[in-house]
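Enquirer: Take a look and give me a structure for this.
(one chain, ligands or ions: 1)
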Amino acid sequence: MLTSGKVLLPPLLDTSPVDRGPSSLSMKFACSKVVYHQCVKHIYEGPDMRQHLLIDADDTLWENNIYFEQAIEDFIDFLNHSSLKPHEVRTVLDEIELTQGYGSASFARSLRECYIRLAEKEVRDEDLERVVYLGEQIIHHPMQVIAGVKETLAYLSPRHLLILLTKGHEEEQKLKIENSGLGIYFGDTIIVEEKNVDTYNQLVTELDLDLENTWMIGNSPRSDINPALKVGLNAVYIPHLHTWGLEKQDIPHEGKGRLLTLDAFTELRNHF
Ligand SMILES: [Mg+2]
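Expert: Purely as a prediction, here's the structure:
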């Protein structure tokens, strides 16, 4: 079982091999859904009353979707469709995005395809360049850590076993982790392609997680809450006003795990 206390972190963007010992997770995960895993050796002696807290990143630790929302608004203005309402343009874009990956480059490709599909005039190269720019420039958005997150992580980090679990484009997620300065609070940083039932089952097995004492914390019903509950983990749902539409779902609360719903990340201090 992992124990933690004093955490020594290598630089987050240091991609040189880290000696993780014979129980290394990265090699097993590299063949399946986990695209990046950074494990830090923990030094802790004494009784272990800690729980594993798997914590989402985008729109849980820092703002993310607001930048995509702004780009979509700019796209709709630029498209200037004569009959489709903004939400109807978004529906078309959603359909296209479902076929693409995550990250700004994939988003830019989706905007480009959406423009080609919906433009009511001749599609010029400069128009496509403009649309692609709207998507690609998201990678340069400022890092905005959500209020109280840093202080809350500083409180939780010595008390529990924190694992950052995020999905998306590997390099973009690594960059955001580094820019946030929050990596120091996590014993493990795991970037996966998708957060679904298979992913959580794999994490439970490979990290030897005790279901009763492990929580998934995040803003997305689709990626954080429902699949975690389904495999028997506990979950903390922290809704975000600007959660991406494709991440929204009802929460049927399947499984034996407990479900907490909190208004803000800072409220975790009252429960852990
Ligand atoms: Mg999220």
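Enquirer: C-alpha only now, for contacts and for neighbours.
Expert: Fine.
Enquirer: now the helices for the chain?
Expert: Per DSSP state H, the chain carries helices over the ranges 26-30, 65-79, 86-97, 104-118, 125-136, 149-156, 170-180, 197-206, 226-230.
Enquirer: List the buried residues for the fourth one?
Expert: Of all the residues in helix 104-118, those buried under the rule 16 or more other C-alpha atoms under 10 Å are 104-116, 118.
Enquirer: Can you pull the residues of the stretch 1-150 of the chain lying near the ion?
Expert: Counting by C-alpha under 5 Å from the ion, the positions of the stretch 1-150 of the chain adjacent to the ion are 58-59.
Enquirer: residues contacting the residue of the stretch 1-150 of the chain found nearest the ion?
Expert: With C-alpha to the ion as the measure, the residue in the stretch 1-150 of the chain that lies nearest the ion is Asp58; the distance is 4.1 Å. When contacts are counted by C-alpha atoms under 8 Å, 6 or more residues apart in numbering, Asp58 is found next to 64-65, 166.
Enquirer: Can you say which of the residues you listed are buried?
Expert: Applying 16+ other C-alpha under 10 Å to the contacts of Asp58, the neighbour count classes 64-65, 166 as buried.
Enquirer: CSV please, covering the residues you listed and showing pLDDT.
Expert: Putting the buried ones among the contacts of Asp58 into CSV (pLDDT from 0 to 100) gives the following:
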residue, pLDDT
Asn64, 94
Asn65, 92
Thr166, 96
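Enquirer: and of those, the nearest to Arg222?
Expert: The shortest approach to Arg222 among the buried ones among the contacts of Asp58 belongs to Thr166, at 13.1 Å (C-alpha to C-alpha).
Enquirer: Would you check that Gly135 makes contact with Glu113?
Expert: No: if you go by C-alpha atoms under 8 Å, Gly135 and Glu113 don't touch, sitting 11.9 Å apart.
Enquirer: Name the residues of stretch 251-270 that come out as buried.
Expert: Neighbour-count burial for stretch 251-270, counted by 16+ other C-alpha under 10 Å, picks out 253-254, 257, 259, 264-266, 268.
Enquirer: quick one: which of the residues you listed is nearest the ion?
Expert: The shortest separation between the ion and any of these is 12.2 Å, and it belongs to Phe265 (by C-alpha to the ion).
Enquirer: Spatially nearest residue to the closest one, not counting backbone neighbours?
Expert: Val149 (6.3 Å; C-alpha to C-alpha, 6 or more residues apart in numbering).
Enquirer: Switch the buried residues of stretch 251-270 over to CSV; also include distance to Gly183 and pLDDT.
Expert: Converted to CSV, the buried residues of stretch 251-270 look like this (distance: C-alpha to C-alpha, whole Å; pLDDT from 0 to 100):
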residue, distance to Gly183, pLDDT
His253, 30, 84
Glu254, 31, 80
Gly257, 27, 93
Leu259, 26, 96
Ala264, 20, 97
Phe265, 17, 98
Thr266, 18, 98
Leu268, 18, 97
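Enquirer: Cross-check those residues against the ion and keep the overlap.
Expert: Applying C-alpha under 5 Å from the ion to the buried residues of stretch 251-270, none is adjacent to the ion.
Enquirer: Nearest the geometric middle of this protein, what residue?
Expert: Nearest residue to the geometric centre of the chain (C-alpha atoms, centre = their mean): Thr166, 3.4 Å.
Enquirer: That one against Asn196, yeah?
Expert: No: distance between Thr166 and Asn196: 11.7 Å, which falls outside the contact criterion (C-alpha under 8 Å).
Enquirer: Need the phi and psi values for the spatially closest residue to Ser106 that is not a sequence neighbour.
Expert: With C-alpha to C-alpha, 6+ apart as the criterion, Ser106 has its nearest non-adjacent residue at 5.9 Å, and that residue is Gln100. Main-chain dihedrals, Gln100, degrees, to the nearest 10: phi -110, psi 170.
Enquirer: State the number of residues packed around Gln100.
Expert: Around Gln100 sit 15 other residues, with neighbours defined as other C-alpha atoms under 10 Å.
Enquirer: Would you work out how far apart the start and end of stretch 236-249 are?
Expert: Distance across stretch 236-249, first residue to last, is 15 Å (C-alpha to C-alpha, to the nearest Å).
Enquirer: chain center to stretch 87-98, what's the gap?
Expert: Averaging C-alpha positions (C-alpha atoms, centre = their mean, to the nearest Å) puts stretch 87-98 21 Å from its chain's average.
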